[in-house]
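Chemist: fold the following and give me the result.
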Amino acid sequence: MKVGVYCNRQTKKFLPIRDGLLRLLAEKKIAYETYYDESEIGSPDILIVLGGDGTILKATLLAGERGIDLLGINSGNLGFLTEFEGEQLEKAVELICGGYETEERSVLEVRARGGRFFALNDAVFQRRFEEGADDNVVELAAEIDGKKVDTFVGDGIIVSTPTGSTAYSLSAGGSILTPDIKAFILTPICTHSLHNRPVVYPDTSVMRVKIEAEGRRVCLICDGRSCGDFCKEDEITVRKAPFGVRFIKSKNNNFFDKLLFKLNKWSS
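Modeler: Below you'll find the model as predicted:
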């Protein structure tokens, strides 16, 4: 077994957690290599990520495409995507040594203007400030499998996976989906109509997003990364990607325990 350790040097608890993890791996005679930039990541059997959710998001798509099992250890703040906290290093190493289960998380694929963009959490279609415009809202129409869902006038929309339902979508009033649900969620952002509500739909469906206003640009952001500006002429589709991301989980993993813990921590 070969382990890769992807480190975020910027997190406040990074050094002691990294040093403790590497010591435990050496004691167990587990071959490992460390990475400090996502471009350095090779093809280990397991990728341990030391950081918060942002660090994990940088590594997940690469891990998914290469078939690497991923384990997150929180050395950041919230850590919704991490399996262990920084003080649980021994449990983390015991888990990868003693046989573990994986949980595959679905990924979004957005196609627009000949490009393909991927997101583990969410794809956000967001308004751009236009100098001299009478208003700076955007008008977006959404179709699922060719059937119109609604037209949203406001700051934009979020298309989220179950994994991302506890991220931006949650802040915008979206529902929480458990990771095993085979669905996506469409969440409007600050719309100008009270009838606009989040919509949960099957992940086998294809969504088409139409920008309705002439000359108005919309920014696509996937997992916090800007993927470019698009306009009315662009064909935009959102579907389930042909690959997922396998997260290592412990046998006593309880999504609702973690959810309650993280939400209470987030609210404090």
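
Chemist: assign a three-state SS to the closest residue in space to Y32 that isn't next to it in sequence, would you?
Modeler: Among residues not flanking Y32 along the chain, V3 sits closest, at 4.3 Å (C-beta to C-beta, 6 or more residues apart in numbering). C-beta here means a position set from N, CA and C on the backbone, and glycine is covered the same way. Secondary structure, DSSP: H, G, I helix; E, B strand; the rest coil: V3 is strand.

Chemist: also E233?
Modeler: Three-state assignment for E233 (three-state DSSP): coil.

Chemist: now for it, how many residues are close by?
Modeler: Close neighbours of E233, defined as other C-beta atoms under 10 Å, add up to 8.

Chemist: same question, E27
Modeler: When counting by other C-beta under 10 Å, one arrives at 9 neighbours for E27.

Chemist: got it, and V3?
Modeler: Neighbour count of V3, defined by other C-beta under 10 Å: 22.

Chemist: just checking, it touches V49?
Modeler: No - with contacts counted by C-beta atoms under 8 Å, V3 stays clear of V49, the gap being 11.4 Å.

Chemist: list the contacts for the residue nearest to Y32?
Modeler: By C-beta atoms under 8 Å, 6 or more residues apart in numbering, the contact list for V3 reads L25, I30, A31, Y32, E33, P44, D45, I46, L47, I48, I96.

Chemist: ok, the fourth one to I157 distance?
Modeler: In this case it means Y32. To I157, Y32 is 42 Å away according to C-beta to C-beta, to the nearest Å.

Chemist: between the two, which one's more packed in?
Modeler: Using other C-beta under 10 Å as the criterion, Y32 and I157 rank with I157 on top: 30 against 17.

Chemist: so what strands line up beside whichever strand or helix holds the more buried one?
Modeler: According to DSSP states H and E, I157 maps onto strand 156-160. If you go by DSSP bridges, strand 156-160 pairs up with strand 122-127 (antiparallel), strand 183-189 (antiparallel).
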